[in-house]
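Student: Have a look; sequence and predicted model below, questions after that.
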Amino acid sequence: QVQLVESGGGLVQPGGSLRLSCAASGSIYRINTMGWYRQAPGKQRRMVATITSGSSTNYGDSVKGRFTISRDNAMNTVYLQMDSLKPEDTAVYYCNADRIDTYGLGPTLYDYWGQGTQVTVSS
């Protein structure tokens, strides 16, 4: 069974940094685009950053210049380095894979999500 497991969330002061990780496990042959999304209480889930298998990146306007997304294709892992954090960055952060190809006769999975990790920026 394929899983996306996030880690690295927590409480940090404004101006601080955190690094999130999302590891995909299971019988995975290939993952297309991976990304990070976030959802604050009472708000819609929004894209934070995405990265293709070829490492092309895209960022939400509110995090440009502060966050950096990267991935290790061999480890099926995506990272989000978050610097200069602000209280408005507080949210649950979710990892996403838009397409996962599995080995053999296994299914192709679309729009796959992790369980989320809480990031709280507060003094």
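Tutor: Received the coordinates, thanks.
Student: And the residue nearest to Pro87 when sequence neighbours are not counted, how far from Leu18?
Tutor: Distance criterion C-beta to C-beta, 6 or more residues apart in numbering; nearest residue to Pro87, sequence neighbours excluded, is Val121 at 5.0 Å. Bear in mind the C-beta positions are built from the backbone N, C-alpha and C, glycine included. If you measure Val121 against Leu18 using C-beta to C-beta, to the nearest Å, the figure is 9 Å.
Student: Quick check: neighbours shared by the two?
Tutor: Val12, Leu85 (C-beta atoms under 8 Å, 6 or more residues apart in numbering).
Student: Point out where the protein drops to low pLDDT.
Tutor: For the chain, no stretch has pLDDT under 70.
Student: Next up, phi/psi of the residue lying farthest from the centre of the chain, please.
Tutor: Here the centre of the chain is the reference, and by C-alpha atoms, centre = their mean the most remote residue is Leu105, at 27.4 Å. The phi and psi values for Leu105, taken as degrees, to the nearest 10, are phi -90, psi 20.
Student: could you say which helix or strand contains Pro14?
Tutor: Here Pro14, judged by DSSP states H and E, is contained in no helix and no strand.
Student: any idea how far the closest residue to Lys43 other than its chain neighbours lies from Gly15?
Tutor: The shortest distance from Lys43 to any non-neighbouring residue, by C-beta to C-beta, 6+ apart, is to Ala91 (7.9 Å). Ala91 sits at a distance of 17 Å from Gly15 (criterion: C-beta to C-beta).
Student: For the spatially most central residue of the chain, list the residues it contacts.
Tutor: Compute the mean C-alpha point of the chain, and by C-alpha atoms, centre = their mean the closest residue is Trp36, 2.9 Å away. Contacts for Trp36 (C-beta under 8 Å, 6+ apart) come out as 20, 22, 47-50, 69, 78, 80, 93-96.
Student: buried ones in the helix or strand where it lies?
Tutor: Trp36 belongs to strand 34-39 when assigned by DSSP H and E. Neighbour-count burial for strand 34-39 flags Met34, Gly35, Trp36, Tyr37, Arg38 (criterion: 16 or more other C-beta atoms under 10 Å).
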